[in-house]
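Colleague: Here is a sequence with its predicted model. Questions after.
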Amino acid sequence: MIAHENLLQKNWQRPAVRRLILDVGWVLAAGILGALFVQMPSTLWSVHLAGVVITAFCAGLLQNYLQLFRLRKFPVAIREWRLMWLHALGVFGVAALMGVAFRFDAPLGFGVVTGLLATAVMIWDRYQRGLVPQLGTDSVESVKDGKRALLIGAGSAAEMLLAEFERQRPHVTVVGLLDDDPQKVGSLLHGKPVLGGIDLLREIVPQEKIDEVILAIPSLDRAGQQRILGLCEGVGAKLWMMPSISRQLAEAGHSLPKLREVAPEEMLRRDSIETDMSAAAGYITDRVILITGGGGSIGSELARQIATLRPKQIVLLGKGENSIFESEQELRSGGFGSVVPVVGDVRDRATMDRVITEYGPEVVFHAAAHKHVPLMERVPIEAVRNNIFGTLNVAQAAMAAGVKKFILISTDKAVNPTNVMGATKRAAEIVIMAMAGRSETQFAAVRFGNVLGSRGSLIPILKKQIAKGGPVTITDERMTRFFMTIPEAAQLVIQAGSHGGAGEIFILDMGEPVKIVDVVRGLLKLYGLEEGKDIEVEFIGARPGEKIHEELSWESEDLERIDGGKVLRLKSLDRVGWDDLEGRLMELGRLCEVGDGEAVRRELMELVEGSPEKAVGGDRGWPSERMR
């Protein structure tokens, strides 16, 4: 008896069972109202009530056959409305037959009232739960016709996405949905069944020959995303994801934007870091801002984020007219019209003096630089001219014009440099540290890790290799890098301006270094590709100037956490005085004029080798023992 009661309790807790019982109850209530409607004599109520109960029982069998218990929301799909009409007709037929069998005065009237009223109440019940989807106008274009898709998540976003598929991609076969909410398992969304929990993904994908897995939970956190990525590993299906903005749109009842591929940034083994930008508004709002390298990946992202802080004007300077033009047009189309495009070269001191004097910027973000390590190994003179003397030109022009803040974009390759590019960026750091305190201009630098998605960086190269069918090339299986996203990089630069001024250097807490080979294999998983079967991975050896592990700071740099620990401020204890530095720079410039690349390389390395010999933060992790 106890076991029987436990079984009943367990079954009652199942959403499908509760829904079926509730729907049968609506039929029973509709039958009683139908009997009242046809004005049955009170003396025959016991007979008529038996007919109503039998009608409700038969309706329950019909509902179970049609699986209406899976339809937990307002019917939208044609198939769902068809099921409702079949239910109405079925209940009408049964009720009419019961009316004839039990000699009701108006069996057809009883059947019509019972069938229509019961079905209408069932539809109303689903409506009144407040779960009616609002169909929108945006199209879902990412998943190709002819594909079999599986949705992860059975909430409002998934419901709206299914509606979009029905309207815009009717040939896409959505096999079903997975959701960890037991209340949703067994129900229908737009005629598509919720098959079970998300852990069933690895079982269902091969079983149902799924081509596309769509993550339809825009609010899912990083840990949840990593769980889905892990489940998708090796199943051979491509993963798509809704943009995070979908969460607000779904809550507002509007249609969803296009699906996007899972961004490479989401392979980071940490949450994205957002720094507090409120302090930055104090030195940017209503000010003129100059961004060198304004058409590049970092420069253009800086412009986007600075524009949200309402500066008086943004001056974009760069050598490439097309990239500067595109960056300008993007700002204007986004609603920021006070932008000035300037085509110019930071190596030209006269141009820098003219631009800064003409537009009068109060803050300069110096992002212009040559960044490609192997390429700069071949042209050390150009690297020195652009990265060192370009920085010197902009900094001196800023000092002469009384610019308030100068922020240099540097790199972790400036620590213990073994290549020309890293050495030139270290020299640029030395320049701004030596110039700090020599005028009213406040100098600071920001040291980046590898910026995911920037031009010529790892991810775009890998995606091109994958698009061509491989092989995907990796320099060394042991190689690790610190990674950050373009938005994180831009936020760090802007944040530095609110804290720096005395020649400090800032870095972002990027977590532990990531192996390049893990990034590659993670990217292959996102594309549903299997290494060695669908595409080859080749190890080609480190290129000229590349290190196996990057470092983050010199041993003599004092570290301090700011902004809640997300950002580190470094203060060098071994600064080069300007008087000593000026002579070294003059000699380096003379060698560049002579055109002796090897001599320039030797002089450059001698200039930066005065920095401390030991660096930290590479494969040993963060130098926590020196943090304050």
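Modeller: Yep, that arrived. None of these values were measured; they are calculated from a predicted model. Residues are numbered from 1 along each chain as shown.

Colleague: what's the span of stretch 173-190 from first residue to last?
Modeller: In stretch 173-190, first residue to last residue: 12 Å (C-alpha to C-alpha, to the nearest Å).

Colleague: buried sites along that stretch?
Modeller: Neighbour-count burial for stretch 173-190, counted by 16 or more other C-beta atoms under 10 Å, picks out 173-179, 184-190. Where you see a C-beta, it was placed from the backbone N, CA and C, and this is true even at glycine.

Colleague: what's the model's confidence in it, averaged?
Modeller: Taken as a whole, stretch 173-190 has a mean pLDDT of 84.

Colleague: How about stretch 532-544?
Modeller: pLDDT averaged over stretch 532-544 gives 81.

Colleague: what sits up against stretch 601-608?
Modeller: Where contact means C-beta atoms under 8 Å, 6 or more residues apart in numbering, the residues beyond stretch 601-608 that reach it are 380, 384, 417, 420, 423-424, 426-427, 430, 584, 587-588, 591.

Colleague: Distance of the residue lying closest to residue 322 once chain neighbours are set aside relative to residue 491?
Modeller: Nearest non-adjacent residue to residue 322, counting by C-beta to C-beta, 6 or more residues apart in numbering: residue 295, 7.5 Å away. Going from residue 295 to residue 491 by C-beta to C-beta, to the nearest Å gives 20 Å.

Colleague: Same question for residue 361.
Modeller: Taking C-beta to C-beta, one finds residue 361 at 20 Å from residue 491.

Colleague: Can you list the low-confidence ranges for the stretch 501-628 of the chain?
Modeller: Within the stretch 501-628 of the chain, the segments meeting pLDDT under 70 span 526-528, 545, 551-558, 563-565, 571-575, 610-628.

Colleague: Would you map the helices across it?
Modeller: Counting by DSSP state H, counting those that start in this stretch, the stretch 501-628 of the chain has helices at residues 516-526, 578-594, 597-608.

Colleague: Going by neighbour count, which residues of the longest one are buried?
Modeller: What that stands for is helix 578-594. By 16+ other C-beta under 10 Å, the buried positions in helix 578-594 come out as 581, 584-585, 588-589, 591-592.

Colleague: and it with helix 597-608, angle?
Modeller: Relative orientation of helix 578-594 versus helix 597-608 (axes from the mean of the first three to the mean of the last three C-alpha atoms, to 10 degrees): 170 degrees.

Colleague: Pull the residues that contact helix 578-594.
Modeller: For helix 578-594, contacts defined as C-beta under 8 Å, 6+ apart pick out 381, 384-385, 388-389, 392, 430-431, 434-435, 438, 599-600, 603-604, 607.

Colleague: Now, of those residues, which are buried?
Modeller: Buried among those (16+ other C-beta under 10 Å): 381, 384-385, 388-389, 392, 430-431, 434-435, 599-600, 603-604, 607.

Colleague: right, and residue 414 touches residue 425 too?
Modeller: Yes. Counting by C-beta atoms under 8 Å, residue 425 is a contact partner of residue 414 at 4.2 Å.

Colleague: what number of residues lie near residue 322?
Modeller: 9 (other C-beta atoms under 10 Å).

Colleague: Distance to residue 101 added to the contacts of stretch 601-608, as TSV?
Modeller: Formatted as TSV, the contacts of stretch 601-608 follow (distance: C-beta to C-beta, whole Å):
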residue	distance to residue 101
380	100
384	100
417	95
420	96
423	97
424	96
426	96
427	99
430	100
584	108
587	111
588	106
591	109
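
Colleague: On the three-state scheme, residue 186 is what?
Modeller: Following DSSP: H, G, I helix; E, B strand; the rest coil, we place residue 186 in the coil state.

Colleague: Next one: it from residue 235, what distance?
Modeller: Applying C-beta to C-beta to residue 186 and residue 235 gives a distance of 24 Å.

Colleague: Next: residue 430.
Modeller: Distance of residue 430 to residue 235, computed by C-beta to C-beta: 51 Å.

Colleague: about what we covered before: out of the contacts of helix 578-594, give me the two with the largest separation.
Modeller: Farthest apart among the contacts of helix 578-594 by C-beta to C-beta are 438 and 599. That separation is 29.1 Å.

Colleague: in the stretch 101-250 of the chain, which spans are strands?
Modeller: With DSSP state E, counting those that start in this stretch, the ranges of strands along the stretch 101-250 of the chain come out as 148-152, 173-178, 188-189, 192-196, 212-215, 238-241.

Colleague: For residue 26, find the nearest of those strands.
Modeller: Among the strands of the stretch 101-250 of the chain, strand 188-189 sits nearest to residue 26 (C-beta to C-beta), with 17.6 Å.

Colleague: how's the chain carved up into domains?
Modeller: Domain segmentation of the chain under automatic domain parsing yields 2-128, 148-262, 281-626.

Colleague: comparing the ones you listed, which gets the lowest mean pLDDT score?
Modeller: domain 2-128 (a mean of 66).

Colleague: returning to what we had before: using CSV, lay out the helices of the stretch 501-628 of the chain together with distance to residue 410.
Modeller: Output for the helices of the stretch 501-628 of the chain, formatted as CSV (distance: least, C-beta to C-beta, whole Å):
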stretch, distance to residue 410
helix 516-526, 22
helix 578-594, 16
helix 597-608, 12
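
Colleague: Tell me, how many residues neighbour residue 101?
Modeller: Using other C-beta under 10 Å, residue 101 is surrounded by 11 other residues.

Colleague: which one is it nearest to, not counting chain neighbours?
Modeller: In space, residue 101 is closest to residue 51, 7.0 Å off (C-beta to C-beta, 6+ apart).

Colleague: and the one you found, what helix or strand is that in?
Modeller: If you go by DSSP states H and E, residue 51 is part of helix 45-66.

Colleague: got it, and residue 326?
Modeller: Using DSSP H and E, residue 326 falls in helix 321-333.

Colleague: in that helix, what's buried?
Modeller: Within helix 321-333, the residues scored as buried using 16+ other C-beta under 10 Å are 323-324, 327-328, 331.

Colleague: if we can go back for a sec, what residues sit buried inside the helix holding residue 51?
Modeller: 48-49, 51-52, 54-56, 58-60, 62-63, 66.
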